[in-house]
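Visitor: Have a look at this prediction, sequence included:
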Amino acid sequence: MTGSLGRSTALRRMMPVAVWLAAVGGAYWLYRDTAGAGQAGGVAELKEFTVSSVETGALVSVEAVPGQLVSRGQVVARLDPQILETEIAVAEAELRELQAKVPAEFKTLELSGLQTERTFRAELEAVEVELQAAQSGSARDGAELASIDEELARQRDLVARRLATAARMKELELRRAAVEESAKGWPARLEALETRRQATRARLAEWRRSLAGASARSARSQQILPLQLRIDTQREYLTLLRKRLENLTLRAPADARVVAILARQGSVLMPGHPIMTMVEADPRQVIAYLEEDRGPSVSVGDRAVLRTRSRTGERVEGTVTGVAATVIQLPQRFWPAPTRPRWGREIFIRISPDHKLDPGQAVDVSFYPKGHSMGFATAVEAAPAAARIDASPQPLAVPGGLLDRSRFEPSGIIWAERLQRYILVSDDTGLESANDNAPWVFTMSRDGEVDAEPLVIEGVEAVNDLEALASAPDGTIYLIASQSVNRKGKRRPARTVFVQARLEGRSLKVVRRVFLHQLLAEAAAREPALLGRLGLTSRPDTGPWLEAEGLACRGNEVFLGLKDPLDGSGKALILRIADPDRLFREGSLAGLTLWSKTSLPVEGRPAGISGLLFLDDGSLLMAATNDHGGALFHARRPGGPELEAEQIASYPGLKPEGLCLSPEGDKLIVIFDRQDETPLWARLEIPR
């Protein structure tokens, strides 16, 4: 009895300890299941997309079902186009009516020109008649003064000899004073009339010159500018309508799997109404969550080995492309217990294209420093072994104060010796809610720390989609916008600006500017063969088609690298401006030529130019991008109709967009635009 009671008491005393041990064991297994054997847990990025209506209209068809795999650009739904098709037909008729008025306006101007000629000649004849009358009046007063002086002398003699009274002499003196006063006004009047005659002659001569030769039509074109502006406005309206019509055909935004259909066929939808949801089919990025107190530090360029949590534990390889700057609370699935939150950093990993993960799939991740021997693919892929360089991008340090007032998507870079800073241009500036398209560029230290205060471009009101900048030997800085249309199919002046500027203090002063696309359109209207010689095409709605992203100087020449178009065989185009001063001074494209073409394959597909840089040895570096990533190329002997370029670095999934040399001239600087993510830069050995 006593023994049984003792055992019962001992069991009661051990019960709390047993419960605590069980809890610890359970937590351990939960933690083990969450974090696995690696240094961090992670998930394949789950990119969700919603296909929504962008117009009011009836949903006439849904062309996908839940679970279906769809390709990027595949049609998944259609809205009723009837109303917009009617609006387009009416707008096209109005455009034709306006265009039909142009010949009549030119005829009217020709008749008006003849009338203007007669008006100028009549004005000249009237001035000459008035001048002749003034000359006669001046001569008459001079002759009368001489006669009065002669008579006065005679009268004074008679008065002195007491042969006449002074009355006649006083009368003559009064008359002389009146005539003298009249004569004083003639020189100024004659000078004014002669000036009028010369000015009238000059206007008549200028008018006759304006009607002579090729300039005549240009002069008359200026006079029908209001009609031309109405035509241009109507064309823009048609472009907008056609874009809206195109938007009625809804397409998959990426290779994805349909999750749910949210609208029925026949429903009338308002803009923004969701039609279906989908998730990315083949995620290329994994987000790992590295706890504050676990594992070594991780850097961009480090290698990662991922293990799936399936029974097979499939191994996946990747490269670290980003490390979050702040510590956050980790997602709950990575807590050791539902009531025990954890904190850490997000680590972004680009996985090898040879492996496949499902969206949202959990993995365990181990990290290895660059250079660790484990049979892992290098960060620089697809480049010849002899040409490989260390191309590991690092994040820029972008202050929150800057991001509070502006978007920052760097697309071009130069080193400014006067500022001891890099200068960068950005696709977008300001915020949509404030200072949208502000005329700003940005500055950065040697170590990649971006300044919080933008650098103002003084002399332009707005800039949009600035893609590149370059510095000439004389200190001139050139900046160019893309010249392309935006997502809505519009090409506003801020997207076509091309600027000559100079640094003055903490600002860029515009010396001259032109709107390059407008110059191309006007030149092509006068000389239809021009676009073909440049390798460009024209579209009915938008005119000349080009997207400029590369800009470089060599001596006094300026070179433009085009992202689009490519030629018929997929080669990228480089244009040369032989006399940029004349282009900016006169708006002349006489020195613009197609300099060369080159093949720049990225991930096995043609790519356009996103950056240009001439090296001191005369060779040319090019950055190229397409939808699959980017790469760097080196043309050792540039020139001739086609360049031979060697790929020296590859960046799958990244977009190298700006190239320049370091302040010391011993490193190549590459800028990567990642849109809403922290931009990257790389400092590389210069290829020889």
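Guide: Yep, it's here.

Visitor: in the stretch 251-400 of the chain, which spans are helices?
Guide: 400-403 (DSSP state H, counting those that start in this stretch).

Visitor: ignore the last one, the stretch 451-600 of the chain
Guide: Under DSSP H, counting those that start in this stretch, the stretch 451-600 of the chain gives helices at 516-526, 530-534, 580-586.

Visitor: what would the ones you listed look like in TSV with mean pLDDT?
Guide: Formatted as TSV, the helices of the stretch 451-600 of the chain follow (pLDDT from 0 to 100):
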stretch	mean pLDDT
helix 516-526	91
helix 530-534	92
helix 580-586	93
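
Visitor: how many neighbours does the closest residue to residue 531 other than its chain neighbours have?
Guide: Once flanking residues are discounted, residue 531 sits nearest to residue 524: 5.2 Å by CB to CB, 6 or more residues apart in numbering. Bear in mind the C-beta positions are built from the backbone N, C-alpha and C, glycine included. Residues lying near residue 524 (other CB atoms under 10 Å) number 19.

Visitor: ok, residue 524 - contacts?
Guide: 530-531, 538, 543-544 (CB atoms under 8 Å, 6 or more residues apart in numbering).

Visitor: Residue 471 now?
Guide: By CB under 8 Å, 6+ apart, the neighbours of residue 471 are 414, 416, 477-478, 553.

Visitor: 10 Å - rerun?
Guide: For residue 471, the contact set (CB atoms under 10 Å, 6 or more residues apart in numbering) comprises 414-417, 423, 477-478, 503, 552-553, 660.

Visitor: what residues are up against residue 200?
Guide: 120-128.

Visitor: Serialize the residues you listed to JSON lines and add fields for distance to residue 396, neighbour count and secondary structure.
Guide: What follows is the contacts of residue 200, written out as JSON lines (distance: CB to CB, whole Å; neighbours: other CB atoms under 10 Å; DSSP: H, G, I helix; E, B strand; the rest coil):
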{"residue": "120", "distance to residue 396": "64", "neighbour count": "18", "secondary structure": "helix"}
{"residue": "121", "distance to residue 396": "69", "neighbour count": "12", "secondary structure": "helix"}
{"residue": "122", "distance to residue 396": "70", "neighbour count": "11", "secondary structure": "helix"}
{"residue": "123", "distance to residue 396": "67", "neighbour count": "16", "secondary structure": "helix"}
{"residue": "124", "distance to residue 396": "68", "neighbour count": "17", "secondary structure": "helix"}
{"residue": "125", "distance to residue 396": "73", "neighbour count": "11", "secondary structure": "helix"}
{"residue": "126", "distance to residue 396": "72", "neighbour count": "13", "secondary structure": "helix"}
{"residue": "127", "distance to residue 396": "69", "neighbour count": "19", "secondary structure": "helix"}
{"residue": "128", "distance to residue 396": "73", "neighbour count": "15", "secondary structure": "helix"}
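
Visitor: which of those lies closest to residue 234?
Guide: residue 120 (35.6 Å; CB to CB).

Visitor: follow-up on the earlier one: between the contacts of residue 524, which is closest to residue 92?
Guide: Nearest to residue 92 among these, with distances taken as CB to CB, is residue 543, at 17.2 Å.

Visitor: Next, the contact list for residue 344, please.
Guide: 40-41, 288-295, 324, 327-330, 334.

Visitor: Write the ChimeraX selection for whichever of those are buried.
Guide: Per 16 or more other CB atoms under 10 Å, the buried members of those correspond to this ChimeraX selection:
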select :40,41,288,289,290,291,295,324,330,334
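
Visitor: thought residue 637 was touching residue 618?
Guide: Yes - if you go by CB atoms under 10 Å, residue 637 and residue 618 touch, sitting 7.9 Å apart.

Visitor: who touches both of these two?
Guide: With CB under 10 Å, 6+ apart as the test, residue 637 and residue 618 reach no residue in common.

Visitor: coming back round to it: for the residue nearest to residue 531, give its distance to residue 559.
Guide: 21 Å (CB to CB, to the nearest Å).
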